[in-house]
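Engineer: sequence-free structure coming up:
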């Protein structure tokens, strides 16, 4: 049964704010409804708010029939280098670059959009280069580990199921490329202020600073968790539960780019950080060692069944994430600070 907001006599209502992750996204009404249904089984209407920052970097929303390319489905285009000379109409497996070439191209394309202009002066990826390198090599390892293999004495697997290794590598690389390019634009390309403004406006719409308001839950996915964290750290509203999903906030290179040293915002009561061990974006899965006080943080390893193990809807629907969010959302807000 889908939970309902607590009866507060119509004066105090629970609020939840979502901050989506990297890449192009569906229109905001559809995206918010998807998050609502994954967590609560119904559309929350005005009780939930979405910080929709995709247009800052990606222009128009995805058309409704087009799946989110970073939601971990094999649908949609896969960013690979095409193979020349194949017969027209014949299936062509992806032709993949060498990992070093992929990293160099991704870094160059990311830095070409810097606020200062110009193409990358080096292929290292700058301050985030170590993160790009580690994401890329983990993507290679995952694609190899998850390559379908028949068991002893079994018939060969059908070609259509599941994805062969080149296609899986391309799927992971698409996630790496979008994530790195958006993170680079956020920290170094001048996009950070506009992204954080979208988060601030969603918090304002939810009445985050209102006296006597109901419980406030903030949920951030991927790069959205970074933007949400930076706004909460700067504004410090009272937050009953902060949830980060597939977050890179534990990655050293990302921490080095934050505006302030890592710490739990003083008025954030609880912080739940969930990731899949195979999520290439969340390379380090524990926030507690770096974000004091550690007693307010719970780090969780969950199983994300999306093809790239980073899909937000899989995270939101996991009981280890969904149930604490529902409890915080339906709990009466404590009085005072």
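Structural biologist: Structure's in. What do you need? Only a predicted model underlies this, so the values are computations on that prediction, with no experimental measurement involved.

Engineer: which SS state does residue 298 fall under?
Structural biologist: Under DSSP: H, G, I helix; E, B strand; the rest coil, residue 298 falls in the strand class.

Engineer: Run through the bridge partners of the residue lying closest to it once chain neighbours are set aside.
Structural biologist: The shortest distance from residue 298 to any non-neighbouring residue, by C-beta to C-beta, 6 or more residues apart in numbering, is to residue 272 (5.2 Å). All C-beta spots, glycine's among them, are computed from the backbone N, C-alpha and C. Residues in a beta bridge with residue 272, per DSSP bridges, are residue 243, residue 298.

Engineer: burial of residue 272, as a residue count?
Structural biologist: Neighbours of residue 272 under the rule other C-beta atoms under 10 Å: 21.

Engineer: Residue 217 now?
Structural biologist: Count around residue 217 with other C-beta under 10 Å applied: 26.

Engineer: Same check on the one 3 residues further on?
Structural biologist: Residues lying near residue 220 (other C-beta under 10 Å) number 28.

Engineer: Next: residue 266.
Structural biologist: The number of residues packed near residue 266 is 11, by other C-beta under 10 Å.

Engineer: sorry, back to before: in contact with the residue nearest to residue 298: list those residues for me.
Structural biologist: For residue 272, the contacting residues are 241, 242, 243, 244, 297, 298, 300, 321, 324, by C-beta atoms under 8 Å, 6 or more residues apart in numbering.

Engineer: which one of those residues sits closest to residue 263?
Structural biologist: Distance ranking of the contacts of residue 272 against residue 263, using C-beta to C-beta, places residue 297 first at 10.6 Å.

Engineer: before we move on, the earlier item: tabulate the contacts of residue 272 (JSON lines), appending distance to residue 288.
Structural biologist: Shown next, in JSON lines, are these (distance: C-beta to C-beta, whole Å):
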{"residue": "241", "distance to residue 288": "16"}
{"residue": "242", "distance to residue 288": "14"}
{"residue": "243", "distance to residue 288": "15"}
{"residue": "244", "distance to residue 288": "12"}
{"residue": "297", "distance to residue 288": "5"}
{"residue": "298", "distance to residue 288": "8"}
{"residue": "300", "distance to residue 288": "11"}
{"residue": "321", "distance to residue 288": "17"}
{"residue": "324", "distance to residue 288": "16"}
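
Engineer: from those residues, which two are the most distant?
Structural biologist: The most widely separated members of the contacts of residue 272, counting by C-beta to C-beta, are 297 and 321 (14.4 Å).

Engineer: quick one on the thing from earlier: on the pLDDT front, check the residue nearest to residue 298 for me.
Structural biologist: pLDDT for residue 272: 98.

Engineer: start the count at 745, not 1, going forward
Structural biologist: Sure, I'll start counting at 745 from here, so that last one is residue 1016.

Engineer: Check the spacing between it and residue 921 real quick.
Structural biologist: Residue 1016 is 28 Å from residue 921, where distance means C-beta to C-beta, to the nearest Å.

Engineer: before we move on, what about residue 844?
Structural biologist: 15 Å.

Engineer: now swap in residue 931 and tell me
Structural biologist: According to C-beta to C-beta, residue 931 and residue 921 sit 16 Å apart.

Engineer: what does residue 1051 give?
Structural biologist: 16 Å.

Engineer: Residue 967 now?
Structural biologist: Residue 967 is 13 Å from residue 921, by C-beta to C-beta.

Engineer: For the stretch 795-944 of the chain, which segments are assigned as helices?
Structural biologist: 798-802, 843-855, 873-889, 909-932, 936-949 (DSSP state H, counting those that start in this stretch).

Engineer: okay, those helices, which one's buried deepest?
Structural biologist: Of all these, helix 909-932 has the most neighbours on average by mean count of other C-beta atoms under 10 Å, namely a mean of 23.

Engineer: From the contact counts, what lies against that helix?
Structural biologist: helix 843-855, helix 873-889, helix 967-979 (3 or more C-beta pairs under 8 Å, 6 or more residues apart in numbering; DSSP states H and E).
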